[in-house]
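K.L.:
fold the following, please.
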Amino acid sequence: MDRFSLFRNSFFIFFLCSSFFSFLVDKNLSLKIEEKKPTLLNDAPILIATGNQVYCPGSQLNIVTNMSITDPDDTGIDAIYIQISSGYVNGQDVLTLTGTHPAIVFSWDALTGKLTLTGSAGQPTYTDLIAAIEDVVYSNSSPNPTGVRTFSITVGQANYLPSNGHYYEFVPSIGITWNNARTAAANRTYYGLQGYLATITAADEAQLSGEQSAGAGWIGGSDEANEGVWRWMSGPENGTVFWNGGINGSTPSYANWNNGEPNNIGDEDYAHITAPGVGILGSWNDLSNTGEASGDYQPKGYIVEYGGMPGDPVLQISTSTSITIPNITSTTSQSLCGEGSVTLTANASAGTIKWYATPTGGTPLATGNSFTTPNLTETTTYYVDAFEIGCTTGTRTAITATVNQIPTITIVEPNPVCGENSTVLTASTTAGTINWYADAIGGTSLGAGTSFTTPILSEDTTFYAEAINNGCSSGNRIPINVLVYDLPEVEDETVTLCEGTNITLDAGVSNATYLWSTGESSQTIQVNNNANYSVVVTSLEAGNCSKTKNFTIVQYDIPVIETIVVKDNSVEIITSGNGEYEYSIDGFTYQDSNLFTVGEGGLYTAYVREKINNCGYSDEENFVVLLVPPFFTPNSDGQNDVFYLKGMEFYLNSSLSIFNRYGKLIKQIGPSNPFWDGTFEGENLPADDYWYVLKIDNATPERKGHFSLKR
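P.N.:
Okay, the predicted model is just below:
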């Protein structure tokens, strides 16, 4: 500090003490002391820079064209800070002091994008600083840089953002809580500006206070009051919602959360700029009030923002300039159908747009934001760059005028529809896609592609086809008429066939052609088995529609008697075949049941016939019932005078032995003489019950029983 400044500051302190003493005397003793107080100036400097310019890639450019610093009470200051405050690309953008400035030294901080000018020996004068600022140049190492760079020039170390006129300062404080950081930020001032925990509402603000900040720390956001509703809790934006929800939430304005944040792990209610190396540089994460005890999630300090508070002074301690790198910011291609001319447009960040036919070299076809092509018959690519005197964008940007072929449709004539049915319409196009419609004009597309399956049709119907190739139509829609014809009137039949007979199958329609499943082509055929048959009937009328008639043959077999089962007086006739049969044992009376009960023994004949379709009779088959009579009366009255075992004569190996109640054999009869007259050794036996043993043959079990002799 120079001697004048030391004297001035000492005198100012003396002045304050004297004034305070006079105030006490006047207040406490009611003394009215008239005193002329000296006036000392301590005004902040006023910085003004000019020089918004266009930057040519590969060159160096002074950041200002003119610089002035006005300070009524000082001739110099400790340092000037020049920062690329928006658009900064670390690793490409550089600020450098050129020329000869023996009183000035500079340092470049690539992390923050800040160049610091200080004195080489003591405090530099404003004159030396102005000369140095005017010799600071910007350069970019990329062959094709883009965008706008804003340079802030200020007298303090806080980062200045020209877009909102605010200042940002990272204050280191390991382990500080969010609540304490908010209080500490509110207690700080910067050239009379009130501090507060930073509220970040735009991308350039996030870059300057996050990516280009000296460290990670607290900012003024919290959802402590209402989980998932994040508000700014400090500064002019106090109470403003900037995020709703968790990881997949949304912002009504601006937010810069890191990937997977805010995740509210461990009741994390406070916003914090993420540590470098953890996800997106300069982005945010949520932490608890204390954060972690160490590591990436330990608070390292806090970000203070200055500016925008009620009562803040109007300062001019900072100024700014900007450069614009000429580049094409947008292009609008155009397309046309067939041939013709189109107007292409382009916009540039700076300079004049020039149009070329080649990606390099050549003479410009036109200049300006638009270019009307000549008549084009094929797709053509043009190229644009932004030209500033002595400066172009370098690589040209391609912009295409697309000539789309007008498609032509070729329709495949559809087959007629027979009966209620659908059909497939087919077409081809020279380009684009075919759309199918039910209307000649308007309506919704029914389908797209080279084929279209109609709905079920019952009457003649017209469909329409149109091809579209990148917005180019084939013209009026082409009609496709689908004709619907009646099918031959045939119905499937079920036919009865008796075994061993022939039957005639009739297609049932005349004036048609026929193709039977047997290969025959007549209207009728003769068949004699129960196979299934079909015939395709094709009408000779328009459409030649065909329909298949199916015949189901139900064959009824002639009954065959397999066996006759006789048990005492019960008879069962067992047959083979699939018919519906009826049965008889006298040839006159028939019944549905095949079971009979006979009253007496003797020779019988079994009969079976197919009862519904008259498909014939079985061969007659005789059977014998051996039925021992329950009694006989040998009294010469002509009725039941002898014991007679009817049918015994048909069993040549049979025998019947008769015993009295004492087991004495009385009589044995056989097939040649199946009678007994009730005598024994010429004497009439008394009326009584007699017992018998009937043996029919060696394969049949003996039958035993008794009968009565009555006199």
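K.L.:
start to end distance for stretch 290-297?
P.N.:
One end of stretch 290-297 sits 10 Å from the other (C-alpha to C-alpha, to the nearest Å).
K.L.:
what does the average pLDDT come to for it?
P.N.:
In this model, stretch 290-297 carries a mean pLDDT of 93.
K.L.:
what do you get for stretch 351-371?
P.N.:
Stretch 351-371 comes out at a mean pLDDT of 93.
K.L.:
buried residues, that stretch. List them.
P.N.:
Residues of stretch 351-371 classed as buried: 351, 352, 353, 354, 355, 356, 365, 371 (neighbour count, 16 or more other C-beta atoms under 10 Å). Any C-beta I mention is one placed from the backbone N, CA and C, and that applies to glycine too.
K.L.:
could you dump it to PDB, C-alpha only?
P.N.:
Extracted C-alpha coordinates of stretch 351-371, given in PDB (Å, rounded to 0.1, in the frame of the first residue of the first chain):
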ATOM      1  CA  GLY A 351     -21.100 -13.400 -41.000                       C
ATOM      2  CA  THR A 352     -22.600 -13.800 -44.500                       C
ATOM      3  CA  ILE A 353     -23.800 -17.200 -45.700                       C
ATOM      4  CA  LYS A 354     -22.300 -18.300 -49.100                       C
ATOM      5  CA  TRP A 355     -23.700 -21.200 -51.200                       C
ATOM      6  CA  TYR A 356     -21.600 -23.600 -53.200                       C
ATOM      7  CA  ALA A 357     -22.100 -26.600 -55.400                       C
ATOM      8  CA  THR A 358     -19.000 -28.400 -54.000                       C
ATOM      9  CA  PRO A 359     -17.800 -29.200 -50.400                       C
ATOM     10  CA  THR A 360     -14.500 -27.400 -51.100                       C
ATOM     11  CA  GLY A 361     -13.400 -24.800 -53.600                       C
ATOM     12  CA  GLY A 362     -15.400 -23.400 -56.400                       C
ATOM     13  CA  THR A 363     -17.200 -20.100 -56.900                       C
ATOM     14  CA  PRO A 364     -20.200 -19.200 -54.700                       C
ATOM     15  CA  LEU A 365     -23.500 -19.700 -56.300                       C
ATOM     16  CA  ALA A 366     -25.200 -17.100 -54.100                       C
ATOM     17  CA  THR A 367     -25.000 -15.300 -50.800                       C
ATOM     18  CA  GLY A 368     -27.600 -14.800 -48.100                       C
ATOM     19  CA  ASN A 369     -29.800 -16.900 -45.900                       C
ATOM     20  CA  SER A 370     -31.700 -18.400 -48.800                       C
ATOM     21  CA  PHE A 371     -30.900 -19.900 -52.200                       C
END
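K.L.:
who touches that stretch?
P.N.:
Outside stretch 351-371, the residues that touch it by C-beta atoms under 8 Å, 6 or more residues apart in numbering are 54, 326, 328, 343-347, 382-388, 391-393, 396, 398.
K.L.:
now the buried members of the residues you listed.
P.N.:
Buried among these by 16+ other C-beta under 10 Å: 54, 326, 328, 344-346, 382-388, 391-393, 396.
K.L.:
now residue 75: closest residue in space, sequence neighbours ignored.
P.N.:
Sequence neighbours aside, residue 125 is the residue nearest to residue 75 in space, at 5.5 Å (criterion: C-beta to C-beta, 6 or more residues apart in numbering).
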